[in-house]
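Novice: Give me coordinates for this.
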Amino acid sequence: MIKRLLLVFCLLPLIVFAQKQTSSTNKQAQKAYEQANYFISENLYDKAISELNQAVSLDQKFLAAYQQLGDLYRKFGKYSNALDNYSRILSIDPEFHPLTYFGIADSELNTGNYRQAIEHFNKYLTYPGLNSASIDKINKFIRDCKFSLEALKSPVPFKPINMGPAINSKEDEYLPVITADESMIIFTRQQNRNEDFYKSEKRNGKWAVAEFLSKEINTPNFNEGAQNISPDGNYLFFTGCNRPDGLGRCDIYISKREGNDWSQPFNIGGPVNTAGWESQPSISANGRTLYFVSTRQGGYGGYDIWSSELNTDGTWSNPVNLGKEINTSYDEHSPFIHPDNESLYFSSNGWPGMGNKDVFISRKAYLGEKQAGWQKPENLGFPINTFAEESGLSISTDGKLAFFSSNQKEGYGKLDIYSFELPEKMKPKAVTYVKGKVFDNLSKEALDAHIQITNLINGQTIYDEITDPENGEFLAALPAGKSYGLTVSKEGYLFYSQNFTLIGNLEKQPFNIDVSLQKIEIGKMVILNNVFFETNQYDLLPESMAELQQLILFLRENPTISIEIGGHTDKIGEDQSNLILSTNRAKIVYEYLIKNKIPLTKLSFKGFGEGQPISDNDTEQGRKNNRRTEFKITQK
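Specialist: The predicted structure is shown next:
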């Protein structure tokens, strides 16, 4: 969409241009010119261009016809053609009309001729009668040109790689998104003016031939596009336009993966969707913040980026504009929030750029631990950004690769999907993922279990989801530099807990976990891996609270169960001291449960010291495993 067009061509050209130069002495040329004006009034622009070309071929000094041609070519993004016509005017009569200078400058900006564009924009500013809005716009374009000249001096590394014939075809492919483990990519393919989603899965390190995503989502009568997939690949947010259940021209929809297919999509409704235009969704890694583009009132420009939070009842909160740190009086598009939940990539023609739309990155700003807006956006640089339009960028979870669409010459079709390695400065924070499968420990049958991952320091829930009922799998993207607790639970089963740290050398290492759940039976034990104490102490550390709350929930959901809390140590130290320490640790957990209204009759505790090791006491990891708190079912 061309945003820089100042409408120069008009239905009454004899009023706009100087009388001596708006007509031709060649009657056939004049007739073609008038016929072109009629076609313009009927929005038949191709026919208008044909008539105007006929007019200038008959009268090679027909300035008004050249002007109309330049304006029409510029309207449809054919800037090289526009340049030829404007240049012809200036070679014949440099003072024909002030807007010729705007037209040629805008065309030069959009073809990368930045120095000439500055010269012609400045010339346009010398003419009287420009209003303040026009002056501001021209000065903005001059700043773009100056920014571009500097950017050209310091190109960033950029080696785009075509993703190959398995994904790309002779049709247009664009808007790629990829799962956290890079095992599946979903993109939009346009065929016969209809947009549908396709997917490709990586098998043995290679992308399989792309397949039609689903008849549940794709339709023959409506366009589906501008999609975003959750990191685990289970939820697809997308834009649907002109659908029967739509609230406006374009709305945001969601579909959930169900085995090998997808659910019937549903409109997420208000207050996100309105009677206006909502599109281009991007969901945070924890599934709780939705970023999208809207033309609703209260914004800074025509298209702004907004966000909405998922409420506990499953509805979405009133959207909030991301503010002047992100949005401008121009247009912002294609938001992509990286799984680090800190880095927002988006396109804009409002911030200083190379022309048309460029891609930018902004990171969250903080005041203490509370978010306080966004940092000033940074242009990703040349040649990632050029005088053409760049948008629809998505980033892999590990932050190494960016995915985008382009119409480069070596492609398979008009628009192909490419990947490239991001410059170091533009990469998001380190993120990895934990991927697992939950199954019954005896039958090995996959289970649809509840997975919860929390930040052990602040107790914040990072991931809260049910495993895939078909295969019991789950996948969660996790920012590095933190420690996490994982809890897996299902009705009728003992819960499972584990913890892991993404600090130091482990910050980019994916975790793969197989979780076998035990049915609730007398004598079965659960290790409370996320209950923590200081060395040789028995005071509970704050990181233990999420795990203990999970234990309380388990006991409340199973009111007939009784448990014994057991404390264990390694063999370092004296036997009696270890026995006392283990007993006190079991007792403090026991007392915490009582304080939280778990009946005394359902609880007991015991310390075992170093007497029941589960690992080798001769290694640090073995000793760590032996220092544990657990509970045993004593009554069902």
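Novice: going forward, measure contacts between C-alpha atoms and count neighbours the same way
Specialist: Will do.
Novice: from the chain's centre, how far out does the host helix or strand of residue 488 sit?
Specialist: According to DSSP states H and E, residue 488 maps onto strand 483-489. Strand 483-489 has its C-alpha centroid displaced from the chain centroid by 25 Å (C-alpha atoms, centre = their mean, to the nearest Å).
Novice: All the strands of the stretch 301-450 of the chain, in order from the start?
Specialist: For the stretch 301-450 of the chain, the strands defined by DSSP state E, counting those that start in this stretch occupy 304-309, 320-321, 332-337, 343-348, 358-367, 370-374, 378-379, 394-395, 401-406, 416-421, 431-440, 450-455.
Novice: Which strands or helices does the fourth one pack on?
Specialist: Right, the one you point to is strand 343-348. Strand 343-348 sits against strand 332-337, strand 358-367, with contacts defined as 3 or more C-alpha pairs under 8 Å, 6 or more residues apart in numbering; DSSP states H and E.
Novice: Residue 153 is nearest to which of the ones you listed?
Specialist: strand 358-367 (17.3 Å; C-alpha to C-alpha).
Novice: Which parts of the stretch 451-600 of the chain are helices?
Specialist: Taking DSSP state H, counting those that start in this stretch as the test, the helices found in the stretch 451-600 of the chain are 545-557, 575-595.
Novice: do the stretch 101-250 of the chain as well
Specialist: With DSSP H, counting those that start in this stretch as the criterion, the stretch 101-250 of the chain has helices at 114-125, 132-153.
Novice: Tell me which of those sits most buried.
Specialist: Highest mean neighbour count of the helices of the stretch 101-250 of the chain: helix 114-125, a mean of 19 (counted as mean count of other C-alpha atoms under 10 Å).
Novice: Dump the C-alpha coordinates for that one into CSV.
Specialist: Provided in CSV are the C-alpha atoms of helix 114-125 (Å, rounded to 0.1, in the frame of the first residue of the first chain):
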residue,chain,number,x,y,z
TYR,A,114,18.6,9.6,-1.8
ARG,A,115,20.9,12.5,-2.7
GLN,A,116,18.7,13.6,-5.6
ALA,A,117,15.6,13.1,-3.4
ILE,A,118,17.0,15.5,-0.8
GLU,A,119,17.7,18.1,-3.5
HIS,A,120,14.2,17.9,-5.0
PHE,A,121,12.4,17.8,-1.6
ASN,A,122,14.2,21.0,-0.6
LYS,A,123,13.3,22.6,-3.9
TYR,A,124,9.6,21.7,-3.3
LEU,A,125,9.9,23.4,0.2
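Novice: Identify the residues contacting that helix?
Specialist: Here helix 114-125 makes contact (C-alpha atoms under 8 Å, 6 or more residues apart in numbering) with 98-99, 101-102, 104-109, 135, 138, 142, 145-146, 148-149.
Novice: Format the helices of the stretch 101-250 of the chain as CSV; extra columns: mean pLDDT.
Specialist: Below are those laid out as CSV (pLDDT from 0 to 100):
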stretch, mean pLDDT
helix 114-125, 98
helix 132-153, 96
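Novice: Quick one, which of the ones you listed gets closest to residue 218.
Specialist: Closest to residue 218 of the helices of the stretch 101-250 of the chain is helix 132-153 (C-alpha to C-alpha; 39.6 Å).
Novice: elements contacting the closest one?
Specialist: Using 3+ C-alpha pairs under 8 Å, 6+ apart, helix 132-153 sits against helix 114-125.
Novice: how distant is the helix it packs on from the center of its chain?
Specialist: 37 Å.
Novice: what angle sits between that helix and helix 132-153?
Specialist: Counting by axes from the mean of the first three to the mean of the last three C-alpha atoms, to 10 degrees, helix 114-125 lies at 170 degrees to helix 132-153.
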